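Student: dropping the sequence and predicted coords here.
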Amino acid sequence: MGKNILLVEDEKNIILGVRTCLDAVGYEVEVAENGETALEAVRRKKPDLILLDLVMPKCDGFEVLEHLKSDPGTSDIPVVVLTAKAGEEDRERAMGLGAAAYMTKPFRPQELWDVLKKFLPDADAQ
Amino acid sequence: MENWPEVALQHLADALFIADRSHKVAWLNRNAEELFGTTLEEARGKPLAEVTGIEQLSSLLDDHFEREDHLEPLAEKAEAAIKPSGRRYYFKVTVSRLQAPGGFDGALVQLTDITRFHEMEKFKDDYISIISHEFRTPLTSIVLGVEMLRSGLLGELNPRGREIFDAIGEDCHRLTKLVDNLLELSRIESGTIYIQAEPVDAADLVREAVRPLRLQAEKKGIALVTDIPATLPPVAADFNKAVWVLTNLIGNALRYTEPGGTITVQVRRGMRRLYFSVRDTGCGIPGEYRDRIFEKFIQVRDPEKRRGGAGLGLAIAKEIVTAHGGEIWVESEVGKGSTFTFTFPIFRREGTLG
């Protein structure tokens, strides 16, 4: 059975692109379009990994990250931060808050697959 | 007849202070009086940090007095909320050692108001970040989609289809690099990049620059060689920016060199500077480009007749090197190869640039 990934992202086209990438290699994908629904989704069904966009309307990705990491029930889920922001400070902040990895948009499917393989080593996908 | 020096000092746009070795104010000019809401009578004999309310000046003066043989002024940026208005100011602080014939031993402290400048810098940074973000977002689904289609993941492609997607893929890469580089260049060009110079080990620098490119060089069958003397003094540089310059030069060399070729990264010591050079056995730079190679948007066609970048890398490299007080130049011969050389000043104990 494939690993379950929660994608937290609000841009429709990016959701399509990332979801297609992940489907193609056998991951199961859930999508949440803001921080609130993301946390709800995590409570409902604990994902094996979370892909988290940092900039979404009405919601600060950093806050979501903090929530996830400060809750012992969710702090062990690897969180890979995806963001279009290019600054060093953001990267440091995200890693400091416990993100497993930081990916700058745009990125290629292979880069995404490589990062996922790193944090989901026993996945039978790809 | 006017006492012109006196008149000039009292009308100077900067705030000037003279303080002794124990930081006590011996003199200040009119601008200083007005800016800090004090008078010479009030301020005389009081510690500078107390008169100005700028804590930082205390440690700045300490640092400065420690450097006994230091000749050059030390410039730093200080932030302060000035009484009585409480408004936030940003100053460029320049401290110069002052030893007067009468036996006075202290420093001249010059405060230049750069508040407006600092605010513009912030505004520009924010603006640039927003723009960059806006470009990167749509590029994300484009890159993902193109790569998936190109690789046949979503269905077999006929050769023409594959060609088209290859072309789109390349241009996506160009766009991405353009966004990255424009950001970088506009930050540097506006002179708002404050080079954080610290002692940097040349060998570390080269290692860090070469590391991410080794795989690429191997894949292309190009030998990537380093030639660094065992002992070298550190340079005064901003580590990340210096790595960027070197990585850029090596990356270029990789693009313009055929498989089987060699790229040599060498460091040599001069009197006051270290010379870093990247030599390749590539196609060389045609005469008409050689003088203009460091300008924006100048790009020489690579051997595969492709133009992968945006022609900004060398312009940025030049800005960075110049901001460090160094120089960058190229020697090249068509068909033989090119050598790009840049210099950084050797780090001097006082911590000033070259």
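Tutor: In hand now; what should we look at? Numbering: from 1, shown residues only, chains lettered A, B, ... in the order given.
Student: looking at chain A, which helix or strand is least sure?
Tutor: Across the helices and strands of chain A, mean pLDDT, DSSP states H and E gives its lowest value to strand A:59-60, namely a mean of 78.
Student: close to chain B, is that one?
Tutor: No - with C-beta under 8 Å from any C-beta of the partner chain as the measure, strand A:59-60 is seen stopping short of chain B, the closest distance being 14.4 Å. Where you see a C-beta, it was placed from the backbone N, CA and C, and this is true even at glycine.
Student: tell me the strands beside that strand, with direction?
Tutor: strand A:55-56 (antiparallel) (DSSP bridges).
Student: so who does residue B:206 touch?
Tutor: Contacts were defined as C-beta atoms under 8 Å, 6 or more residues apart in numbering or on different chains; by that measure residue B:206 touches B:226, B:228, B:246, B:265, B:267, B:276.
Student: the fifth one: neighbouring residues, count only.
Tutor: Spelled out, that is residue B:267. When neighbours are defined as other C-beta atoms under 10 Å in any protein chain shown, residue B:267 has 19 of them.
Student: the helix or strand containing it packs against which elements?
Tutor: According to DSSP states H and E, residue B:267 maps onto strand B:262-269. The contact analysis (3 or more C-beta pairs under 8 Å, 6 or more residues apart in numbering or on different chains; DSSP states H and E) places strand B:262-269 against helix B:202-210, strand B:223-227, helix B:239-256, strand B:273-280.
Student: pLDDT averaged over the second one - what is it?
Tutor: The reference is to strand B:223-227. On average, the pLDDT along strand B:223-227 is 95.
Student: adjacent strands (with direction) for that strand?
Tutor: Strand B:223-227 has the following sheet partners, assigned by DSSP bridges: strand B:262-269 (parallel).
Student: which residues touch the partner strand?
Tutor: B:202-203, B:206, B:209-210, B:217, B:222-229, B:232-233, B:246, B:250, B:253-254, B:257, B:274-281, B:346.
Student: please indicate which of these are buried?
Tutor: Using 16 or more other C-beta atoms under 10 Å in any protein chain shown as the burial test, these include B:202-203, B:206, B:209-210, B:217, B:222, B:224, B:228, B:246, B:250, B:253-254, B:257, B:274, B:276-281, B:346 as buried.
Student: quick one: residue A:98 is in a helix?
Tutor: No - applying DSSP: H, G, I helix; E, B strand; the rest coil, one finds residue A:98 to be coil, outside a helix.
Student: look up how far chain B lies from it.
Tutor: Residue A:98 sits 23 Å away from chain B, going by C-beta to the nearest C-beta, to the nearest Å.
Student: and the helices in chain A, which stretches?
Tutor: Secondary structure of chain A (DSSP state H): helices at A:12-24, A:35-44, A:61-70, A:88-96, A:109-119.
Student: what's the neighbour count on the nearest residue to residue A:63 once chain neighbours are set aside?
Tutor: Of all residues not flanking residue A:63 in the chain, residue A:35 sits nearest, at 6.3 Å (C-beta to C-beta, 6 or more residues apart in numbering or on different chains). By the other C-beta under 10 Å criterion, the neighbourhood of residue A:35 contains 22 residues.
Student: and the gap between residue A:35 and residue A:62?
Tutor: To residue A:62, residue A:35 is 10 Å away according to C-beta to C-beta, to the nearest Å.
Student: for residue B:339, see how far away the closest residue to residue B:249 other than its chain neighbours is.
Tutor: Closest residue to residue B:249 apart from its sequence neighbours, by C-beta to C-beta, 6+ apart: residue B:278 at 4.2 Å. Plainly put, residue B:278 is 7 Å away from residue B:339 if you go by C-beta to C-beta.
Student: and for residue B:12?
Tutor: 47 Å.
Student: neighbour count winner among those two?
Tutor: Set side by side, residue B:12 and residue B:339 show more neighbours around residue B:339, with 18 against 14, by other C-beta under 10 Å.
Student: check contacts around that one.
Tutor: B:277, B:278, B:279, B:280, B:330, B:331, B:332.
Student: secondary structure element holding residue B:132?
Tutor: Assigned by DSSP H and E, residue B:132 falls within helix B:115-150.
Student: quick one: average pLDDT of that helix?
Tutor: In this model, helix B:115-150 carries a mean pLDDT of 85.
Student: which residue packs closest to residue B:341, ignoring adjacent ones?
Tutor: Distance criterion C-beta to C-beta, 6+ apart; nearest residue to residue B:341, sequence neighbours excluded, is residue B:277 at 4.2 Å.
Student: now the helices of chain A as CSV including mean pLDDT?
Tutor: Formatted as CSV, the helices of chain A follow (pLDDT from 0 to 100):
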stretch, mean pLDDT
helix A:12-24, 95
helix A:35-44, 93
helix A:61-70, 92
helix A:88-96, 84
helix A:109-119, 94
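Student: isn't residue B:348 up against residue B:236?
Tutor: Yes - counting by C-beta atoms under 8 Å, residue B:348 does reach residue B:236; the two are 7.2 Å apart.
Student: tell me which of these two has more neighbours.
Tutor: More crowded of residue B:348 and residue B:236, by other C-beta under 10 Å: residue B:236, with 23 against 16.
Student: helix, strand or coil for that one?
Tutor: Here residue B:236 is strand, with the state taken from three-state DSSP.
Student: same question for residue B:27.
Tutor: When classified by three-state DSSP, residue B:27 comes out as strand.
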